[in-house]
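*Asks:* sequence first, then the predicted structure, then my questions.
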Amino acid sequence: MKKLTCGLIISGLAYFGSASVSLGVPAYGGTEVFKQPTGETFQAALQGDEWLNWTKGVDDDVLVQDKNGFWNYAEIEGFSLKPSGNRVNIDPKPDHTLKQEQVKQWAQEQQIAQKIKSNVAPFFGDSDPGPSLAPINTGSSRKLLVLLVDFTDIGMKYSDSEWSDKFFGDKEGTVKHYYKEVSAGKMTIGPAAESYGTAGDGVVRVKLGYPHPNTGGNTGAANQKIVRDAIAAADPYVNFASFDTNNDGKVTRDELFLVTVTAGYEAAYSGGGTPSLWAHRWSAGTWQGDGKTVNLEYIQQGENHGDHMATMGVLVHETGHLFGLPDLYDTDYSSMGVGPHSLMAGGSWGSYGNNYAGSTPVYMDAWSKYKLGWVKPTEVSANGSYTYTLNTIQPSNPSAYNVVKINTSTPGQFFLLENRGFVGYDRALEKSLKGGKPGIAIWHVDETQSGNTNENRKLVDLEEANEGTLGYSQLDTNKKGERYDHYYASGFNTSFGPKTKPSSATYEGTDTKISVNANVPASSAMKVGVKIGNASGSVKATGVPGSPSLSHNNWNNEKDYAITMNMWWGNNGDTWRLYENDTLIYEEELTDNSSQAQKAVKTFTNQKPGTYTYTCELVNSFGTTKSSPLKVLVK
């Protein structure tokens, strides 16, 4: 990739009013070419969402567009960003430019998004409570009405049948196929009845009598107006009364999903195409049609992703909001939330091979599927030792997928275990994890939180398996260019418990006494051990464990090697812990067959060059013994 000549571009701040909750999609984030009106070009990558969005380059400079369309280096003035008058690649670059981290800090400290929220009134005042953390009754099917919107200055590029297939086709890469697979057949997305064109294909094409409003990253009343005008134009072809299935005089989102696809470009994918708008889910109030009050909660997105038809990742993400799910990326941009690991975060842009971004959005996280009722976890709370086999979602047998829920004594907090393999839509993880491997995902859920804005206490947090090795959380610190070894499996970190980093403590610091061991190779069916409390099976030890010793097989200073623990004779331990450079990286439950020898092995792959010092502990109810240090050199 060429070095970028510009940095961050804040293209707009918008909020959708205190009476209505808007939820959008994170930016694609791929590098693209931006062009000044006089022809000068630069490369940058769009980030953020429809509330706050920008384009980031390697220099981390912040740029804004002036009224003449020129990209300027930005300045902060009050509670907004203003063009400085120094145009990128035209005028000299200022000695001191505003940087991305400064903008993020400013936005957080000054609560910029909250100020926008309070100052931008909703176009329509109907209350929209947004996603709820209460159990969601999704039923078994949903009907979608897709409105394709032409304007006086630009029309739809792709045909009605192409868009009908994008939503309702049976093959991989459609909204219907995605939800059938991720729900294990519990949710069917189908076309709403209508008489336009090919009757019953769920698509109505309308033309509005004004130019595209080109809202870009500044979503607001103009976007709601598109919906109201489009639904009125579609009225001759749709019998809205037929969707009032409970005869209460209302057509709710549970009875009819509304989608508007507008001619022009999708701003979440590209900051360069015009006219554009940013994909989002919102409400345009209500509308009277066929004697019914129709709820205008909707999804809206632009038709084109650069030079191609929009992929379906944005659509399935926004449909997740219509089901009631919240965004799981960090909407104040101080972290990545759950990053590429879920449809409801950056995983909506997933792809594999050379396919377009968003063509293969990853599966939802375990919590989202649990809340929607698409998986019923095996729950465990009592002290003891347990073994479970966790299965990935298999396209040929999606119902085999399962989840383990480990409850804690703290209200709202629990852990979910699932197996994430690079199969089905999760094939996209192979690219987005940048070399990271499949395995067991451990989710820490805190349902006292409403979202993932606070990286120190998220609604849904992935316990990153490599955090102890790295010394920091990649998701919490926005490390977007690194390899993500976030899942647990043999060959990497396999243990999660009270002493590991991350640990199984609650957010209040309470020791849950929960341990998870995944010391098996990654596969479609992985056997996982769960231990709660001090259970250790049939304990035979009569004193502290015998002294352990460590050895290695890395005589040639290679990147792949194994550390072996031996306790030759004495009281057994029921747990052994391995420390690397004084950091606990591995913990495993052992069987006590005192007095006999004990042995355990931890393998390492692709270790970075350096000198590593290992020590270990053997633990039982009588106490702890520790080994002497062992040094390993990797070149």
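*Replies:* Yep, it's here. Since the structure is predicted, the reported quantities are computational estimates derived from the model, not experimental observations.
*Asks:* would you confirm that N223 contacts T215?
*Replies:* Yes: with contact taken as Cβ atoms under 8 Å, N223 and T215 are classed as touching, separated by 5.7 Å. The C-beta positions use only the backbone N, C-alpha and C, and glycine is treated the same way.
*Asks:* now the common contact residues for those two.
*Replies:* Overlap of the contact sets of N223 and T215 (by Cβ atoms under 8 Å, 6 or more residues apart in numbering) consists of L277.
*Asks:* more neighbours, those two?
*Replies:* N223 (25 against 22; other Cβ atoms under 10 Å).
*Asks:* mind checking the SS state of the more buried one?
*Replies:* N223 carries the three-state label helix when classified by DSSP: H, G, I helix; E, B strand; the rest coil.
*Asks:* contacting residues for it?
*Replies:* Residues counted as contacts of N223 (Cβ under 8 Å, 6+ apart) are 213, 215, 277, 280, 282, 300.
*Asks:* tabulate these (JSON lines), appending distance to R253 and secondary structure.
*Replies:* As requested, the contacts of N223 are exported to JSON lines (distance: Cβ to Cβ, whole Å; DSSP: H, G, I helix; E, B strand; the rest coil):
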{"residue": "P213", "distance to R253": "24", "secondary structure": "coil"}
{"residue": "T215", "distance to R253": "23", "secondary structure": "coil"}
{"residue": "L277", "distance to R253": "21", "secondary structure": "strand"}
{"residue": "H280", "distance to R253": "15", "secondary structure": "strand"}
{"residue": "W282", "distance to R253": "12", "secondary structure": "strand"}
{"residue": "Q300", "distance to R253": "14", "secondary structure": "strand"}
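*Asks:* which among these gets closest to R427?
*Replies:* Comparing those against R427 with Cβ to Cβ places H280 closest, at 27.3 Å.
*Asks:* isn't the closest one up against T219?
*Replies:* Yes: here H280 lies in contact with T219, judged by Cβ under 8 Å, at a distance of 5.6 Å.
*Asks:* just give me the neighbour total for N246.
*Replies:* Counted with other Cβ under 10 Å, N246 comes out at 9.
*Asks:* no wait, D95
*Replies:* Neighbour tally, D95, other Cβ under 10 Å: 5.
*Asks:* and it, how far is that from K104?
*Replies:* Computed as Cβ to Cβ, to the nearest Å, the D95 to K104 distance reads 22 Å.
*Asks:* tell me how many other residues crowd W349.
*Replies:* Using other Cβ under 10 Å, W349 has 29 other residues around it.
*Asks:* can you check the pLDDT for it?
*Replies:* What the model reports as pLDDT for W349 is 94.
*Asks:* correct me, but it touches G313?
*Replies:* Yes: shown here, W349 and G313 form a contact pair, counting by Cβ under 8 Å, at 5.6 Å.
*Asks:* what do those two both touch?
*Replies:* 357-358, 361.
*Asks:* most neighbours of all these, which one?
*Replies:* Of all the shared contacts of W349 and G313, P361 has the most neighbours under the rule other Cβ under 10 Å, reaching 30 neighbours.
*Asks:* helices or strands next to the helix or strand where A284 lies in the packing?
*Replies:* For A284, the element it lies in under DSSP states H and E is strand 280-289. Counting contacts by 3 or more Cβ pairs under 8 Å, 6 or more residues apart in numbering; DSSP states H and E, strand 280-289 is packed against strand 23-24, helix 221-234, strand 292-305, helix 313-322.
*Asks:* closest one to E109 among those?
*Replies:* Evaluated with Cβ to Cβ, those place strand 23-24 nearest to E109, the distance being 23.1 Å.
*Asks:* so for that closest one, mean pLDDT?
*Replies:* Confidence over strand 23-24, taken as the mean pLDDT, stands at 56.
*Asks:* what's the first helix or strand after that strand?
*Replies:* Note on strand 23-24: by DSSP H and E, the next helix or strand toward the C-terminus is strand 31-35.
*Asks:* output that following strand in CSV with nothing but the alpha carbons.
*Replies:* C-alpha atoms of strand 31-35 as CSV (Å, rounded to 0.1, in the frame of the first residue of the first chain):
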residue,chain,number,x,y,z
THR,A,31,-8.2,2.4,1.8
GLU,A,32,-9.6,4.3,-1.2
VAL,A,33,-8.7,7.3,-3.3
PHE,A,34,-10.1,10.8,-2.6
LYS,A,35,-10.0,13.6,-5.1
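*Asks:* what would the helices and strands packed on strand 280-289 look like in CSV with distance to W71?
*Replies:* Converted to CSV, the helices and strands packed on strand 280-289 look like this (distance: least, Cβ to Cβ, whole Å):
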stretch, distance to W71
strand 23-24, 23
helix 221-234, 23
strand 292-305, 21
helix 313-322, 25
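*Asks:* the ones you listed: which one's closest to E587?
*Replies:* Across the helices and strands packed on strand 280-289, the minimum distance to E587, taken as Cβ to Cβ, is reached by helix 313-322, at 35.1 Å.
*Asks:* report the angle between the axes of the closest one and strand 292-305?
*Replies:* In terms of direction (axes from the mean of the first three to the mean of the last three Cα atoms, to 10 degrees), helix 313-322 departs from strand 292-305 by 160 degrees.
*Asks:* ranges for the strands of the stretch 251-400 of the chain?
*Replies:* Assigned by DSSP state E, counting those that start in this stretch, the strands in the stretch 251-400 of the chain fall at 257-266, 276-277, 280-289, 292-305, 308-309, 378-380, 384-391.
*Asks:* oops, could you answer that again for the stretch 401-550 of the chain instead?
*Replies:* Listed in chain order, the strands of the stretch 401-550 of the chain (DSSP E, counting those that start in this stretch) span 404-407, 413-420, 439-446, 460-462, 495-496, 514-517, 525-532, 549-552.
*Asks:* what's the closest of the ones you listed to T331?
*Replies:* Here strand 460-462 is closest among the strands of the stretch 401-550 of the chain (Cβ to Cβ), at 13.5 Å.
*Asks:* the closest one pairs with which strands?
*Replies:* strand 439-446 (antiparallel) (DSSP bridges).
*Asks:* OK, contacts around the closest residue to I154 other than its chain neighbours?
*Replies:* In space, I154 comes closest to A263 once its chain neighbours are excluded; the distance is 4.6 Å by Cβ to Cβ, 6 or more residues apart in numbering. With contact set as Cβ under 8 Å, 6+ apart, A263 has these partners: 148-151, 154-157, 212, 303.
*Asks:* in stretch 585-594, which residues are buried?
*Replies:* Residues 585-590, 592, 594 are the ones in stretch 585-594 that count as buried (16 or more other Cβ atoms under 10 Å).
*Asks:* format those residues as TSV; extra columns: secondary structure and pLDDT.
*Replies:* Rendered in TSV, the data for these read as follows (DSSP: H, G, I helix; E, B strand; the rest coil; pLDDT from 0 to 100):
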residue	secondary structure	pLDDT
I585	strand	90
Y586	strand	89
E587	strand	87
E588	strand	86
E589	strand	82
L590	coil	85
D592	coil	80
S594	coil	80
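*Asks:* let's see which of the shared contacts of W349 and G313 end up in helices.
*Replies:* Helix and strand membership here follows DSSP state H; of the shared contacts of W349 and G313, not one is in helices.
*Asks:* from the contacts of A263, list the buried ones, please.
*Replies:* Burial by neighbour count, 16+ other Cβ under 10 Å: within these this picks out 148-151, 154, 156, 212, 303.
*Asks:* where do the strands sit along the stretch 101-250 of the chain?
*Replies:* Using DSSP E, counting those that start in this stretch, strands in the stretch 101-250 of the chain cover 141-150, 188-191, 203-207, 250-251.
*Asks:* what's the local residue count around Q105?
*Replies:* The burial count assigned to Q105 is 12, neighbours taken as other Cβ under 10 Å.
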